[in-house]
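Trainee: sharing a sequence plus its predicted fold:
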Amino acid sequence: MVSILIKNATIITPTQILQSGFVFIVRGEIKNVGEGEVELPRLPDRTIDASGKILVPGYIDLQVNGAKGEEFSQSPAEKYPEIVRFFVEHGTTAMLATVLTDSPENMLEAMRRLAGFRRSKSEYADVVAGIHVEGPFLNPERRGAHPTSLLRKLDVKEVRRWLQCAPQDIRMVTLAPELEGAGKVIKLLSDRGVVVAASHSCADYRCMFDSVKKGLSFVTHVGNTTDWPYRKEQEGGWLGAEPGVVGSFLAMGELYGSVILDGFHFHPAMLKPILRCKGAEKVALITDAAFVAGLPPGTYRKGREKVTVTQAGYTAGKRKGWLAGSIVTMDKAVRNAVNLAGVSLTEAVTMATLTPATVLGLARKKGKIAKGYDADLLIIDSDLNVQLTIRGGHPVGKENL
């Protein structure tokens, strides 16, 4: 299929809203966007009447661990299409595959598999926009579900091995910037174009401020395994206000950040005030989806991991009281932003599309419905359920039109 015309849609670009809008796609690229009647040089191969539906850019997820019982860190590459397909059917048209804390050898092997998968002709390979490395350089006090035995001191040589193994693939690295030697690693990664993020961290404002000057630009899952403002003992023994990682994120205009809006990791009541401080253009919705995403309630094992999907819809790991990733999908995160947090649909779509595209340096081609952009689009209904995913100008996954 070479060309598609979508007409009579409410289009959220997301920088503007077009009523009774149309989009004309040719060979995977948006050729024309507008309102009302459309005159085309030739008849399209397919016309989709989206009356009563909403057209938005495809969702971009900066942190996906796995799904359907498989995990990017541990599963063989032939299982990757199954993981990606699940998220495509829920509106994700680009994602970062997460490599989690593990032994140096296992992490390198996961990076090699993902780099090879991205260059393969496997189905959905081009949906994976890169790798997000989360760990192993995290603060043990904020380790969350990451195993203490596998956390380690910052090692520039290990990071250089990552970059040699997957030089064009590593797009984001999450670490604790207060660890010894973090400044050198932050600068190394930033200079190579990698987004460096803080999380699983006890960093204070001074550390965050200094780290931003070295190239830190992001906070991963704000409010989870990161400190909110608190009282800290100052020189002389008095207790002073300390912004912590979350307060630093709110105070520093340079910082982008992500939230897991599954209703458990991040209280929806906090989203509006955070957006008042940062704006939707600096906050990205993510899933942080675990290997159990898409599975019914029950207890599952993957390697050393044991995770329970509860009836309530959250995950429980080995460590009592700690969540072990989420089972949310990007379409559900957008619905939660609107229905639970009360933000506008335009803001929710921005956080799921243009903001993550900007973080990854892809905003000239992705994250927006505009002439010359990639035809990564979603048709959603009034309840924000995905009816059709279009990736690179081609309908993919399930179709509910």
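Mentor: Structure received.
Trainee: show residues contacting stretch 386-396.
Mentor: Contact partners of stretch 386-396, identified using Cβ atoms under 8 Å, 6 or more residues apart in numbering, comprise 1, 4, 25-29, 48, 53, 58, 88-91, 93, 124, 126-127, 331, 374-381, 397, 399-401. Backbone N, C-alpha and C define where each C-beta goes, glycine included.
Trainee: SS state for the residue of the chain positioned farthest from its centre?
Mentor: Among the residues of the chain, the one whose C-alpha is farthest from the average of all C-alpha positions is residue 236, by Cα atoms, centre = their mean at 42.2 Å. What DSSP: H, G, I helix; E, B strand; the rest coil gives for residue 236 is coil.
Trainee: who are the contact partners of residue 347?
Mentor: 275, 280, 337.
Trainee: show the contacting residues for the residue nearest the centre of the chain.
Mentor: Averaging the C-alpha coordinates of the chain gives a centre point, and the residue nearest to it by Cα atoms, centre = their mean is residue 62 (2.2 Å). Applying Cβ under 8 Å, 6+ apart to residue 62 gives the contacts 95, 96, 132, 172, 258, 284, 286, 356, 359, 360.
Trainee: could you dump the residues you listed into JSON lines with secondary structure and neighbour count added?
Mentor: Below are the contacts of residue 62 laid out as JSON lines (DSSP: H, G, I helix; E, B strand; the rest coil; neighbours: other Cβ atoms under 10 Å):
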{"residue": "95", "secondary structure": "strand", "neighbour count": "28"}
{"residue": "96", "secondary structure": "strand", "neighbour count": "28"}
{"residue": "132", "secondary structure": "strand", "neighbour count": "28"}
{"residue": "172", "secondary structure": "strand", "neighbour count": "24"}
{"residue": "258", "secondary structure": "strand", "neighbour count": "29"}
{"residue": "284", "secondary structure": "strand", "neighbour count": "28"}
{"residue": "286", "secondary structure": "strand", "neighbour count": "30"}
{"residue": "356", "secondary structure": "helix", "neighbour count": "30"}
{"residue": "359", "secondary structure": "helix", "neighbour count": "24"}
{"residue": "360", "secondary structure": "coil", "neighbour count": "20"}
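Trainee: run through the stretch 51-200 of the chain and note the low-pLDDT ranges.
Mentor: Low-confidence regions of the stretch 51-200 of the chain, defined by pLDDT under 70, are absent; no residue qualifies.
Trainee: helices of the stretch 101-250 of the chain, residue ranges please.
Mentor: Counting by DSSP state H, counting those that start in this stretch, the stretch 101-250 of the chain forms helices over residues 104-118, 156-165, 182-191, 205-214, 244-251, given from the N-terminal end onward.
Trainee: tell me the most buried of these?
Mentor: Each of the helices of the stretch 101-250 of the chain was assessed for mean neighbour count using mean count of other Cβ atoms under 10 Å. The highest is helix 244-251, with a mean of 22.
Trainee: after the strand or helix carrying the residue nearest to the centre of the chain, next one along is what?
Mentor: In the assignment (DSSP states H and E), residue 62 maps to strand 59-64. Going down the chain from strand 59-64, the next helix or strand is strand 66-67, by DSSP H and E.
Trainee: report the strands that pair with that next one, each with its relative direction.
Mentor: Using DSSP bridges, the strands paired with strand 66-67 in its sheet are strand 70-71 (antiparallel).
Trainee: chain center to the following helix or strand past the partner strand: distance?
Mentor: For strand 70-71, the following helix or strand on the C-terminal side (DSSP H and E) is helix 80-88. Here helix 80-88 shows a centroid-to-chain-centroid distance of 15 Å under the convention Cα atoms, centre = their mean, to the nearest Å.
Trainee: next one: stretch 22-32
Mentor: Remark: stretch 22-32 is offset 26 Å from the chain centroid, using Cα atoms, centre = their mean.
Trainee: list the buried residues of that stretch.
Mentor: Neighbour-count burial for stretch 22-32, with 16 or more other Cβ atoms under 10 Å as criterion, is recorded at 22, 23, 24, 25, 26, 30, 31.
Trainee: tell me the one of these nearest residue 205?
Mentor: Closest to residue 205 out of those is residue 30 (42.7 Å), distances taken as Cβ to Cβ.
Trainee: and the gap between that closest one and residue 373?
Mentor: As defined by Cβ to Cβ, to the nearest Å, residue 30 lies at a distance of 5 Å from residue 373.
Trainee: C-terminal to the one helix or strand residue 389 maps to, what's the next element?
Mentor: Assessed by DSSP H and E, residue 389 sits inside strand 386-391. Elements were assigned by DSSP H and E; along the chain past strand 386-391, the next helix or strand is strand 394-399.
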